[in-house]
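A.B. asks: My questions concern the predicted model and sequence given below.
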Amino acid sequence: KQEVTQIPAALSVPEGENLVLNCSFTDSAIYNLQWFRQDPGKGLTSLLLIQSSQREQTSGRLNASLDKSSGRSTLYIAASQPGDSATYLCAGFDYKLSFGAGTTVTVRA
Amino acid sequence: SQTIHQWPATLVQPVGSPLSLECTVEGTSNPNLYWYRQAAGRGLQLLFYSVGIGQISSEVPQNLSASRPQDRQFILSSKKLLLSDSGFYLCAWSRRGDPAKNEQFFGPGTRLTVL
């Protein structure tokens, strides 16, 4: 059974600082890993998908890496802004998405 | 572009009452469809998924059921709600094909409170 862990559970940083969010998974037999953003009371917004054959994906200020051999993925958000405040979830896909509990980020103005 | 709709947005129901939540996708054909539940302190859990009309796979034994009467319509039902059914219900879709490219897109969710 896939277990996905996200550390830290919560993070508070001043505006402009770079964010580093960690995700680890126990079963490396995944097809891809997906990062999501969730605002309070809202659905999930897909940020990045990294296929198992890829090592990283970039979209604007976001960069995600994937190391299947060590069972780790990291999401980097450059030059954080107050609008980046949200909960960030990672999920590994084998035949279904297995989610971590998320990292709640607060960016202080 | 593709859009996913869920309704209702919020629902308060008594224990023992029936439930019907609806999800529809626009702008794509033959999608994979998923129902998830997000309960406080338990994270996101896959309930059902469907790869085609009338094809439903259940992940968690419970008093919920799902149906897919049309290609882009997915319905979550219950005959008798339990207190433990309270939560945030999310529908998602993905394109058919290469599982490595299976990117899932989520709807706005339905907040269900069972009293």
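C.D. replies: Perfect, I can see it now. Numbers count the residues shown, from 1 in each chain, chains lettered A, B, ... in the order given.
A.B. asks: Return the residues in contact with the residue nearest to B:Ala39 when sequence neighbours are not counted.
C.D. replies: Nearest residue to B:Ala39, sequence neighbours excluded (C-beta to C-beta, 6 or more residues apart in numbering or on different chains): B:Gly87, at 4.1 Å. Where C-beta positions appear, they are placed from N, C-alpha and C, glycine not excepted. For B:Gly87, the contact set (C-beta atoms under 8 Å, 6 or more residues apart in numbering or on different chains) comprises B:Arg37, B:Gln38, B:Ala39, B:Ala40, B:Leu112.
A.B. asks: in the sheet, who's paired with the last one?
C.D. replies: Same thing as B:Leu112. Beta-bridge pairing of B:Leu112 under DSSP bridges involves B:Leu11, B:Gly87.
A.B. asks: thinking it is in contact with B:Tyr89, fair?
C.D. replies: Yes: the pair B:Leu112 / B:Tyr89 is scored as a contact, 6.0 Å apart, by C-beta atoms under 8 Å.
A.B. asks: Pull up the overlap in contacts between the two.
C.D. replies: B:Leu21.
A.B. asks: gap between A:Ser80 and A:Glu15?
C.D. replies: Note on A:Ser80: its distance to A:Glu15, by C-beta to C-beta, to the nearest Å, is 6 Å.
A.B. asks: shared neighbours, the two?
C.D. replies: What both A:Ser80 and A:Glu15 touch, as defined by C-beta under 8 Å, 6+ apart, is the set A:Val107.
A.B. asks: Which residues of chain B lie near chain A?
C.D. replies: Contact residues, chain B versus chain A (C-beta under 8 Å from any C-beta of the partner chain): B:6, B:34, B:43-44, B:46, B:49, B:59, B:90, B:92, B:99-109, B:111.
A.B. asks: Would you check which pair of the contacts of B:Gly87 lies furthest apart?
C.D. replies: With C-beta to C-beta as the measure, no two of the contacts of B:Gly87 lie farther apart than B:Ala40 and B:Leu112, at 12.3 Å.
A.B. asks: what about these two, which has more around it?
C.D. replies: Comparing B:Ala40 with B:Leu112 by other C-beta atoms under 10 Å in any protein chain shown, the one with more neighbours is B:Leu112, at 21 against 8.
A.B. asks: Secondary structure of B:Ala100: a strand, I assume?
C.D. replies: No: B:Ala100 is assigned helix when assessed by DSSP: H, G, I helix; E, B strand; the rest coil, not a strand.
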